[in-house]
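Enquirer: Need coordinates for the below:
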Amino acid sequence: MDSMSNGWGNRRGKSRFAPQSQINVTPFVDVMLVLLIVFMVTAPLMAVTVPVELAKSAATPKVDAAPLTVTVQSDGAIFIGDTPVSKEAVVAMIRELSNGETDQRIYLRGAKDVSYQQVMEIMGLIDAAGFSRIGLVGASG
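Expert: Predicted structure coming up:
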């Protein structure tokens, strides 16, 4: 029996299972087309398309108030917005401006020359008064 007829080789004597020097992109294209179809079918299902008529309400939507800004200058002067205040009056002024709402956002700014201790004292006073949404502001760049 001839060795060429048993399927183990070809005319040149190479095995048909030898590595090829060509890239076969057909399986890659097939997978990409299947994924494309899957995404095309599932994408519309991800959007909420159930029509519903929402109930009416007489309540007015709550709009977040502008945040209060507390500034400690390099000479130790304290300002809330543009108004100078004493260290003892900081909490009273914040309560007055926030209408007693303790969820008011407060930004605390300190000049680069101010000691960390001074800024932390003001922050401690504000936090002890029940205002927990305090953010420290720094320069970028």
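
Enquirer: What are the contacting residues of stretch 51-71?
Expert: Stretch 51-71 has contacts (Cβ atoms under 8 Å, 6 or more residues apart in numbering) with 78-81, 90, 94, 97-98, 104-111, 122, 126, 135, 137. Just so you know, the C-beta spots here come from the backbone N, C-alpha and C atoms, and that holds for glycine as well.

Enquirer: Give me the buried positions along the helix ranked longest in the chain.
Expert: The helix that spans the most residues within the chain, counting by DSSP state H, is helix 26-46. Neighbour counts using 16 or more other Cβ atoms under 10 Å place no residue of helix 26-46 among the buried ones.

Enquirer: Make residue 1 into 716 and carry on from there
Expert: Yes, from this point I'll number from 716; that puts the last item at helix 741-761.

Enquirer: Now the following helix or strand past it: buried residues?
Expert: Moving toward the C-terminus from helix 741-761, the next helix or strand (DSSP states H and E) is strand 783-787. Neighbour counts using 16+ other Cβ under 10 Å place 783-787 of strand 783-787 among the buried residues.

Enquirer: Beyond strand 783-787, next helix or strand please.
Expert: Next helix or strand after strand 783-787 toward the C-terminus (DSSP H and E): strand 793-795.

Enquirer: chain center to the helix or strand following that following strand, what's the gap?
Expert: In the C-terminal direction, the helix or strand that comes right after strand 793-795 (DSSP H and E) is strand 798-800. On the basis of Cα atoms, centre = their mean, to the nearest Å, strand 798-800 sits 34 Å off its chain's mean C-alpha point.

Enquirer: In strand 798-800, which residues are buried?
Expert: Buried, per 16+ other Cβ under 10 Å, within strand 798-800: Val800.

Enquirer: tell me which strands and helices it is in contact with?
Expert: strand 793-795 (3 or more Cβ pairs under 8 Å, 6 or more residues apart in numbering; DSSP states H and E).
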